[in-house]
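Chemist: got a structure for you, letters missing:
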């Protein structure tokens, strides 16, 4: 199985900060990488697909990037509504696997 | 607008079967792929499997011997059956339009306990 190593597990940050979450794939997954946001009691929301493409309705302060086997989700200027858990997912091959998640919280 | 809604028992006894229904509105399940995903206490997420527009299925090998995903196109529903459950199957179960991963149900909390 492809392992997705996500870091950090917890990220305290202040409003207005630029924050970055990273996932490293254990095998080549090309750009088959998605990012999800999940708030308590809510279902996951697709934020980024194809490693770098913004999903519909997602604010432009969110962006995705790739460097080799490292994939990053960046929020350019943190807003209060961004406080949530974030997960990466590889959809290159079955079984599709998620990162362990990052809890983004106010410092 | 596509909407998905999970339904099923919230409590299942160990060794029994867990059965969930995903009702889809606003989009036909004869298009795209439709999946089941679960989130464990402690927040780990796991892809369970999916069913395609044609009815073919793909399952997580870790669960393959215990799961079945089927559908009823006349009702625009698809189903998850997980057999021989243990307490380790306690989780929130989500259905999703898996091909795009852009639409999810609100989740069904399932507890396995005697």
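Modeler: Perfect, I can see it now. Quantities reported herein were computed from a predicted structural model and do not represent experimental measurements.

Chemist: Run through who's touching the strand or helix carrying residue A:48.
Modeler: Here residue A:48 is covered by strand A:45-49, with elements defined by DSSP states H and E. Applying C-beta atoms under 8 Å, 6 or more residues apart in numbering or on different chains, the external contacts of strand A:45-49 come out as A:33-38, A:54-55, A:58, A:62-64, A:73, A:86, B:100-102, B:104. No exception for glycine: its C-beta is placed from N, CA and C like everyone else's.

Chemist: I'd like the next helix or strand past it.
Modeler: strand A:53-54.

Chemist: Paired strands for the next helix-or-strand element following that next one, with orientation please.
Modeler: Downstream of strand A:53-54, the next assigned helix or strand under DSSP H and E is strand A:62-67. The strands that strand A:62-67 pairs with in its sheet are strand A:70-75 (antiparallel) (by DSSP bridges).

Chemist: avg pLDDT for the strand it pairs with?
Modeler: Average pLDDT, strand A:70-75: 98.

Chemist: Please enumerate residues in contact with it?
Modeler: Identification of contacts with strand A:70-75 by C-beta under 8 Å, 6+ apart yields A:18-25, A:33, A:35, A:47-48, A:51, A:61-66, A:82, A:86, A:88.

Chemist: buried ones in that strand?
Modeler: Across strand A:70-75, burial judged by 16 or more other C-beta atoms under 10 Å in any protein chain shown covers A:71-73, A:75.

Chemist: What is the burial count for residue 14?
Modeler: Using chain A. Residue A:14: 9 surrounding residues under other C-beta atoms under 10 Å in any protein chain shown.

Chemist: meant chain B, my bad for not saying
Modeler: Number of residues near residue B:14 (other C-beta under 10 Å) recorded here: 13.

Chemist: can you give me phi and psi for it?
Modeler: phi -60, psi 140 (degrees, to the nearest 10).

Chemist: Spell out whether stretch B:36-50 and chain A are in contact.
Modeler: Yes. Using C-beta under 8 Å from any C-beta of the partner chain, we find that stretch B:36-50 touches chain A at B:43-47.

Chemist: any idea how far that stretch is from the chain center?
Modeler: 9 Å (C-alpha atoms, centre = their mean, to the nearest Å).
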